[in-house]
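Student: What shape does this take:
(3 chains)
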Amino acid sequence: MPHAQASLPQRNARNARIGRPLLGLTLGLCLLSGQSQAATSEKTLLDYKYFRTLCIDLLGRMPTEQDLQDFERPDFNMESWMDAHLQGDTYADRLTRIYADLLRPQTVSFQVGTNRNTLARILIKDDTGKDTWVYYRPGQRRGRHAQVPKTTDPTYPQWNNLTRGGFCLLEAETGLKYPDVSAALPPTGTAKPVSKAVLDQYTTVVKPWWLYADYKSATPVDRYNATTWPTRYPGFTINNELLKESDVKTDVMQIRVCKEEANVDVQAPMDTTPANILDCRTGYGISNSQGCGCGPGLEMCMPAAHFLASQPRPAFVSSRNTLLGVDDPTDAQTFEYRAWQSLWVAQEPQVFFYNLFLEDRDFRDVVSAKYTYVNGPMAQFYKLSARSNWNDRDLGAISLPSPDAMPPDLIPQQVMTWQKVNTGVSSAGVLTMPLFLFKYATRRARAHAVYNMFLCRDFVAPAGLMLPPSKETDLMKREGCAACHQTLEPLSAYFARWVENDWSFIDPKLYPAQNPACKQTNGVIPSSCNARYDNIYSSSTSGMLRGAYSSPTNADLGAIGMSEYLTRRADFAPCVAQNVAESFLGRSLGTEDSQLRDEMTSALVESGYRVKPLVKVLLKSQQYRSANNLTSTVWRNGVTP
Amino acid sequence: MNTKLTFLGGALLLSVACKGQESTAPSVTLDQVPGHESLAQDTTHKESPRLVPAEAYIRTYLTLFGGLTALQTQTQLTAGGSGLFDTWTAYLGALGLPNYATDMSRNTQTNALMVASFERLGIALCDKALEKDLKSTPAVAVDKRMIYTFDVPATAVDEAGFADRFAKLHRKFLGYPAKLAPTDRTARFFALYNETIKNHNPTGSRFTAVDAGWAAVCQGLIRHPEFQLY
Amino acid sequence: MNRRSFIQSIVGGSAAAALGTPLFRAFAGPEVSSDEYFIFIHAQGAWDITVGLDPRNQRAGLIEPGSTATIDINPLKKWVSLSTPLDGVNASSGYSFELVRPPSGPLVFGPGIGDLIRHYDRLTVVNGIAMNTVSHQDGTAFSATGRHLAGTKTAGPSIDTMMANSFGLGQLLPAVSINYPSSFVGQGLDRRAVPLTISGVGTLAASLRRSALYESAAARDGVTALLSREAQDLASMSANPDVMNGMYLQYEGLRRMNGENLINLFTDSYLRGKYTSFAYSTMSASVNAAFTLESLARNATRCVSFAYGSFDTHFTNYRNQPLLQQNLFDMIAIMLDYLDVMPHPTKPADKLSEHTHILVVSDFCRTPNINAALGRDHYPNNSSLIISPRFRGNMSFGQSDPEQLLSLPAKTFADGRRPVTPPDVLASMVSAMGIDPRKYLRDGEAIPEILR
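Tutor: This is a model prediction of the structure:
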């Protein structure tokens, strides 16, 4: 898994994986240690198999001839070899795989596109009669919005292109009637040349981020190059949807875009109340200020390569089959931008795990860290896309990393470069990453996943449990249901502040767990509260935040509270031992393995929750090291393991 | 390793415990028990072999094929209309890899399809490597070859000549000397080698009889249960 | 426990009275028959039975029926809106559906049943199945194995493994499992019965294809034969020979697969071209269904199981829940049409449908109420559908509470009056084939009322 990061030495993933990057180190350690095993070259089959097993688990492959020759040297020291390989790329990959198998960090569908972060495009004729795409953001607030007459005005339909589709040019100017977004139909009519005055007034030209690596400069010149960019920016490949003009022959050198989108300010005045300064990284800012654009080189906006923002066309070449690492995919497909972004959203937790194991950090960071890792596309994602469907005016006390936390020099083309960044105040490691919150879409699903992954427990009803009909609505009290829900509901409440099927955070400033403004009147809460508050558990004094009824306290503690709950549980550390041991041994642990589990757990806890000592205990255990599968008769008859 | 370890029989242990005596060093060793004078006690821990993770299988495969990326390897294996290989994507599920998007979990046990996939992939590697190692122009030096890192005469080698060459392949694929193999493996593979050469029909084949013989040996090792398990 | 004592244990003092029951007749028949085929379908994600097998079209208690306000009714062939809105007054409350009833008999369905209604005379519906879980993993395992998860692990063999173990060991592919929750756990199982777990039919073709430009098929077989011997020898030396024995059997299975040239069986385009009645674009698992038909016709597989879904509709995606069911049940109806005309591969005088047994289950069902996101959440009740010549058709067994949709007691079982449970359904399937359910199932009791 290639997760180079600026804070760590840049590595050559191919050499690390396929070659023998640590050979020199290994030999050096062997020679320095002075603790070589008995200087015998008569290795047994068991010795060889143990070495092969270690190679598979620590190097990620079977031993090469060179590995075997090193192993057969009289001064070979297994302890030193093991120490040398309990670090590095392949070790971190091996451990990451354990938790990736538990988390399963991908989803079939992943929609992060909205009218506020997506650039649709319409083919018009410019003043010379040449076909020209005009890119635009349908959710953009425009200067022309102020000129739109009242709906009762007879001229109102002439503004349809703007009012119904968000386009900056009108039918009378282009000859095209567009768009009727609701019908998902292409523009109709016959395009006519748009006058230069109109083009100059409402559009401009930009060298966009997907074509220019130096898009932030005043005069970008570093255009996409199919020969050099794969080396300079491995993993970033776009196709002719973005590289060619509408004739599919001419190279795109710059694009024409509605003027507002070209604005680069981070803040801008609200159109209707200029005294209000809006943040342009919020959905609200985009919808309410013509000064809020897509930023330098349109970096906060994604190209749909289509006239409909909701139906983007595949324009990015990448792979979802990256179990060998994103630098070594097993196929190459084209992805529309939402799917392309989702690839990196899915990588985020894996990169997090990888770096945690690589640096042997405190494992509790997995559920508590206030940091994450972003590559170019993820930095871009967190600048706007991640929040573009929200209508909040400020960034709030969210769990996502702030746009301001994104490394300024990390550009979207750098898909293999991951850098550590701080996350929001409500964050808690993997628990608040978009992938986790989206994949495990409901509060209960999230609680269940966590319960299973980090406590190795599941919700299983006791044998013979009956669920008789009952009027009790509280699942924690209802006969039968209570067996599981007494535990599950309070755990679910920790996730009550993350919208289901989404990663949006419900800010307690706006939505307190118990909200007097949403109290029941005549047994019913105000309809405006229905989206966030649950009438069943509300009262005449306050409305109850949905999902918080079992524990408003837990709802306010959020994922941080869940983190504290998990890490203080006695079964948290043993679960790490169990997950690792079962993966390495290829079987479930039984009662006969309790001593091994205990020793691994102790190694973890005593080292401050560093996983490496735990793994070392396992690698030296008789279950791992001394095991053979010969019958005793065969063994006695001289087939020496 | 066979060791004669001291043994505290259940009856003796019970006897000591019942007398309430402090447990000390065993008073009777196994070889002192009548009938056990020369019986070595197997105290080794027994574990069933497990399936090599699919990622490690593929990385090993790529290493054997010269250390290329997965897609580069795919390009080479499919080159020349060989029909030896489709795409990696076609085999990923069969090899047991999980599909995180569909929540299909990792397969940790072999099955008939997986064994069929191992055959498909093993044949592709051995046949294509043979073409590259032995049939390229100009000839590839022995120490530059991927798999067949030994002299390959145009005619079949004798048993001794086979054993030397087989030993190299055995180490390469199974990670230990052939002489330690628990079965009569060298003889068995020599028979396969000879049988393949004898029955080879060169019509329509890109291989000579000797090529086919060595390819069969290679396939037998990369498809061997000891290659797939650990 | 032998067969006799098992019968005594489940019917207790009523053993004599039970001698004439279908259950006894089933047990008294041949212990093992090798002419039967099995199809197991998992409606993955938890289906909404209120628009399918256990319909509700009126507000009552917790029940909020599916309606024009919450469901996209346009593609539903069997949807006929009621004339009165749900609240009796306001059209905005939505209009629920007319119940779908066959020409005769007690069965009643929601509009999700689709074209399967035309096969009503062979449908056995079990309602009110008590799941005691709303965890997908646990419910899925419970439905397929009759056992709840033990911690996070499966505790017993899945139904496809049971049938493969009893009837498929001589088969080229005893059990093929396409994303079905198959498990191979338990005592007395032959490793040949390990379900061949795959993600899709097409993946098999690539693995079975061989180039003709290098070595011969005989040379390849020579290699496999050697490996088979190696595995056998290594197994004989093994303290636990299961894994090596498994590989030995798989090498032998591969030799047969290669010998019988099964490529077409696993080739998507071939299957689509041959079984043209399926609507492949809308029925997501139709290729699996076509594969099932072809593998049965060729006698290559004893048991095919696959997942169909996802029915997990917590949000506005619930609008398509009945359509998903319609597509599933339409697909089954088409399968039955084919099975009715396809000759049995080893009993040419018979049709395949006379010897094919289908069981459709889901994780559990969905809530009777509709949530704030206009979807339905998880609920611990369930229904299942059986289509088998050894089961009574055009009948329904078990029931759920009219206001709460919870399972109600169905009858007095050996352990008292209680609802049907998944192990009861599985035990019924197993015993219908003349096998003692206790061979595979720790719990559960066959239901004579639904057996022929």
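Student: Tell me which residue in chain A sits closest to chain C.
Tutor: A:Ala461 (3.9 Å; CB to the nearest CB). C-betas here are computed from N, CA, C, even on glycine.
Student: domain ranges for the chain?
Tutor: Let's take chain A. With domains defined by automatic domain parsing, chain A comprises A:4-103, A:118-303, A:440-461+A:472-567, A:573-625.
Student: Chain B was what I was after
Tutor: B:1-46, B:55-228.
Student: Show me the helices in the stretch 451-600 of chain A, by range?
Tutor: A:482-493, A:552-568, A:572-585, A:594-606 (DSSP state H, counting those that start in this stretch).
Student: Dump those into a markdown table; add distance to chain C and mean pLDDT as well.
Tutor: Shown next, in a markdown table, are the helices of the stretch 451-600 of chain A (distance: least, CB to the nearest CB, whole Å; pLDDT from 0 to 100):
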| stretch | distance to chain C | mean pLDDT |
| --- | --- | --- |
| helix A:482-493 | 8 | 92 |
| helix A:552-568 | 16 | 97 |
| helix A:572-585 | 10 | 97 |
| helix A:594-606 | 14 | 98 |
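Student: Using TSV, please lay out those helices together with distance to chain B and mean neighbour count.
Tutor: Rendered in TSV, the data for those read as follows (distance: least, CB to the nearest CB, whole Å; neighbours: other CB atoms under 10 Å in any protein chain shown):
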stretch	distance to chain B	mean neighbour count
helix A:482-493	20	21
helix A:552-568	22	21
helix A:572-585	7	21
helix A:594-606	11	17
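Student: Need those helices in CSV (columns: distance to C:Pro195).
Tutor: Formatted as CSV, those follow (distance: least, CB to CB, whole Å):
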stretch, distance to C:Pro195
helix A:482-493, 29
helix A:552-568, 35
helix A:572-585, 22
helix A:594-606, 30
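Student: Indicate which one of the ones you listed is closest to B:Leu71.
Tutor: With CB to CB, the closest approach to B:Leu71 among these belongs to helix A:572-585: 27.5 Å.
Student: and that closest one, what does it pack onto?
Tutor: helix A:89-103, helix A:443-455, helix A:594-606, helix A:611-619, helix A:622-625 (3 or more CB pairs under 8 Å, 6 or more residues apart in numbering or on different chains; DSSP states H and E).
Student: Which elements pack onto the helix or strand that comes right after the first one?
Tutor: Yep, that's helix A:89-103 we're talking about. Note on helix A:89-103: by DSSP states H and E, the next helix or strand toward the C-terminus is strand A:118-125. If you count contacts as 3+ CB pairs under 8 Å, 6+ apart, strand A:118-125 packs onto strand A:131-136, helix A:171-174, strand A:302-303.
Student: Residues in contact with strand A:118-125: which ones?
Tutor: Strand A:118-125 is touched from outside by A:131-138, A:167, A:169, A:174-176, A:178-179, A:187, A:191-194, A:246, A:257, A:261, A:294, A:298, A:301-310, A:312, A:337, with contacts defined as CB atoms under 8 Å, 6 or more residues apart in numbering or on different chains.
Student: List only buried entries from those residues.
Tutor: Buried subset of the contacts of strand A:118-125 (neighbour count, 16 or more other CB atoms under 10 Å in any protein chain shown): A:132-138, A:167, A:169, A:174-176, A:178-179, A:187, A:191, A:193-194, A:257, A:261, A:294, A:298, A:301-310, A:312, A:337.
Student: picking that back up, which one of the helices and strands packed on strand A:118-125 lies closest to chain B?
Tutor: So among the helices and strands packed on strand A:118-125, strand A:302-303 is nearest, using CB to the nearest CB, at 21.0 Å.
Student: chain center to that closest one, what's the gap?
Tutor: Distance of strand A:302-303 from its chain centroid, counting by CA atoms, centre = their mean, to the nearest Å, is 18 Å.
Student: Tell me the first helix or strand C-terminal of it.
Tutor: Taking DSSP H and E, what comes next after strand A:302-303 is strand A:316-318.
Student: ok, and for that next one, which residues are buried?
Tutor: So, applying 16+ other CB under 10 Å, buried residues of strand A:316-318: A:316, A:318.
Student: does any bit of it sit next to chain B?
Tutor: No: Strand A:316-318 is not in contact with chain B by CB under 8 Å from any CB of the partner chain; minimum separation 11.6 Å.
Student: so where's chain B uncertain?
Tutor: Within chain B, the stretches with pLDDT under 70 are B:1-27, B:30-31, B:36-39.
Student: can you tell me the distance between the two ends of stretch A:144-155?
Tutor: One end of stretch A:144-155 to the other measures 14 Å (CA to CA, to the nearest Å).
Student: do the same with stretch C:64-71
Tutor: 12 Å.
Student: Could I get the average pLDDT for that stretch?
Tutor: When pLDDT is averaged over stretch C:64-71, the result is 97.
Student: Any part of that stretch near chain A?
Tutor: No: counting by CB under 8 Å from any CB, chain A has no neighbours in stretch C:64-71; the shortest distance is 13.3 Å.
Student: Lovely, talk soon.
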